[in-house]
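Asker: what follows is a predicted structure for the sequence shown.
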Amino acid sequence: MELLAIFLLLAVGVGLLAYQLSAKKLVGEVHLPQEIKGHSDTKGFDFKEALSAPAWVTGKIVQKTDLPLENLKRKLISAGNPMHANMFLTIKFILAAGLPVAAFIILRPQSPIILIIPLLFGLALPDMWLKAQIKKRHSAILKDLPHVIDLLNICVGAGLDFMVAVARVIHEFKSCVLIDELKVLMREIQMGSARKDALKSLAKRVNSPEVISFARTLIQADRMGTPIGEALKMQAEEIRLRRFQRGEEMGLKAPVKLLFPLLFFILPVVLIIVAGPILIQFTRGGFINF
């Protein structure tokens, strides 16, 4: 049974490696969809292009098994759409199959149960990376959101229409993640979408509490007929207050986070420095001459 499991893991690893090495040829033969193909103008190894063929196979498997991928697609969109869902599942499968094989080759465990640990780690590692990407993107958006809202408030207060103010801010503000999202917002409105639907789409794409509150405030102001300038001013103050409260929360968590390295790394070194000479003197002949 153990040999069969090892053989299956090795076969999967070799098969995936063969797909990666023949990715360019397979892409030309099977005519992969445009969103799955890897594009790179740089010379050398292209990671996405190497995974394009396995991702195409994963997509066919997903279509036949009808796996629910809506939650994964929403997470990828919130992370900035770094890759296609099929490619993400392919990476997860490669890690889940490759790490146990590598652990078996390196460690040579007596029981195959130990291989469950690298298997679970390979399954969890892509999700951890995706969660970190979402958190990083949300942090970048939250950093620029109050300034963008202030600029929108100034433009609206000067007499500009809201969408004209958005176009002005896009043109004048620095290039960042939030400006890219506002460009998508402008493009959707120019293509015929209502402002309410475009704002809902913005909140759905980013999936951040601050952006959701920003979109909801603008939709309510548009629906109730209240001045947008006052709504923007209140929204900017609320976001700054949330940032201040989040900073206080992180400051209060700092002593708790320092407790573990203090107990397990700093305190043992201090004890060795202080009690080391005493123990050495005691082992040599007691405390008489100390």
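Answerer: Looks like it came in fine.

Asker: make it CA atoms for all contacts and neighbour counts henceforth
Answerer: Fine.

Asker: so what's residue 102 up against?
Answerer: By Cα atoms under 8 Å, 6 or more residues apart in numbering, the contact list for residue 102 is empty.

Asker: next SSE downstream of the helix or strand containing it?
Answerer: When elements are assigned from DSSP states H and E, residue 102 belongs to helix 85-107. Remark: after helix 85-107, the chain's next helix or strand is helix 116-157, criterion DSSP H and E.

Asker: picking up where we left off before, pLDDT on the helix holding residue 102, on average?
Answerer: Across helix 85-107, the average pLDDT comes to 84.

Asker: all numbers from here: first residue = 293
Answerer: That works, and once the first residue is 293, the last one we named lands at helix 377-399.

Asker: any idea how far it is from the chain center?
Answerer: 20 Å (Cα atoms, centre = their mean, to the nearest Å).

Asker: before we move on, what about stretch 516-535?
Answerer: Using Cα atoms, centre = their mean, the offset of stretch 516-535 from its chain centre is 28 Å.

Asker: buried ones in it?
Answerer: For stretch 516-535, a neighbour-count test (16 or more other Cα atoms under 10 Å) marks 520-521, 523-525, 527-528, 530-532 as buried.

Asker: hmm, back to that, tell me what angle the helix holding residue 394 forms with helix 408-449.
Answerer: 140 degrees (axes from the mean of the first three to the mean of the last three Cα atoms, to 10 degrees).

Asker: of the buried residues of stretch 516-535, which is the nearest to residue 413?
Answerer: Closest approach to residue 413 among those (Cα to Cα): residue 531, at 36.5 Å.

Asker: pLDDT of the host helix or strand of the closest one, averaged?
Answerer: Taking DSSP H and E as the definition, residue 531 sits inside helix 520-553. Taken as a whole, helix 520-553 has a mean pLDDT of 85.

Asker: report the buried residues of the helix holding residue 394.
Answerer: 377-396.

Asker: which residue lies nearest the spatial centre of the protein?
Answerer: residue 425 (1.9 Å; Cα atoms, centre = their mean).

Asker: number of nearby residues for the closest residue to that one other than its chain neighbours?
Answerer: Using Cα to Cα, 6 or more residues apart in numbering and skipping residues adjacent in sequence, the residue nearest residue 425 is residue 371, 5.4 Å away. By other Cα atoms under 10 Å, 22 other residues sit near residue 371.

Asker: what about residue 515, distance to residue 508?
Answerer: According to Cα to Cα, to the nearest Å, residue 515 and residue 508 sit 10 Å apart.

Asker: neighbour count for the two, which is higher?
Answerer: More neighbours surround residue 508 than the other of residue 515 and residue 508, with 16 against 10 (other Cα under 10 Å).

Asker: host element of that one?
Answerer: Using DSSP H and E, residue 508 falls in helix 501-516.

Asker: what does residue 488 give?
Answerer: Applying DSSP H and E, one finds residue 488 within helix 487-498.

Asker: where does the residue found closest to residue 387 once you drop the neighbours it is linked to in the chain land on pLDDT?
Answerer: Spatial nearest neighbour of residue 387, chain neighbours left out: residue 414 (4.6 Å); criterion: Cα to Cα, 6+ apart. In this model, residue 414 is scored at 86, pLDDT.

Asker: what pLDDT, on average, does the helix or strand that comes right after the helix holding residue 531 get?
Answerer: The element immediately downstream of helix 520-553 (helix or strand, assigned by DSSP H and E) is helix 559-577. Helix 559-577 shows a mean pLDDT of 85.

Asker: using CSV, write down the CA coordinates of helix 559-577.
Answerer: Provided in CSV are the C-alpha atoms of helix 559-577 (Å, rounded to 0.1, in the frame of the first residue of the first chain):
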residue,chain,number,x,y,z
LEU,A,559,15.1,35.5,28.5
PRO,A,560,17.1,32.3,28.0
VAL,A,561,20.1,34.4,26.7
VAL,A,562,19.9,36.7,29.7
LEU,A,563,19.8,33.7,32.1
ILE,A,564,22.8,32.1,30.4
ILE,A,565,24.8,35.3,30.7
VAL,A,566,23.8,35.9,34.3
ALA,A,567,23.7,32.3,35.7
GLY,A,568,26.4,30.8,33.4
PRO,A,569,29.4,32.0,35.5
ILE,A,570,27.7,30.9,38.7
LEU,A,571,27.1,27.4,37.4
ILE,A,572,30.6,27.1,36.0
GLN,A,573,32.1,28.1,39.4
PHE,A,574,29.8,25.7,41.2
THR,A,575,30.8,22.8,39.0
ARG,A,576,34.5,23.6,39.7
GLY,A,577,34.3,23.6,43.5
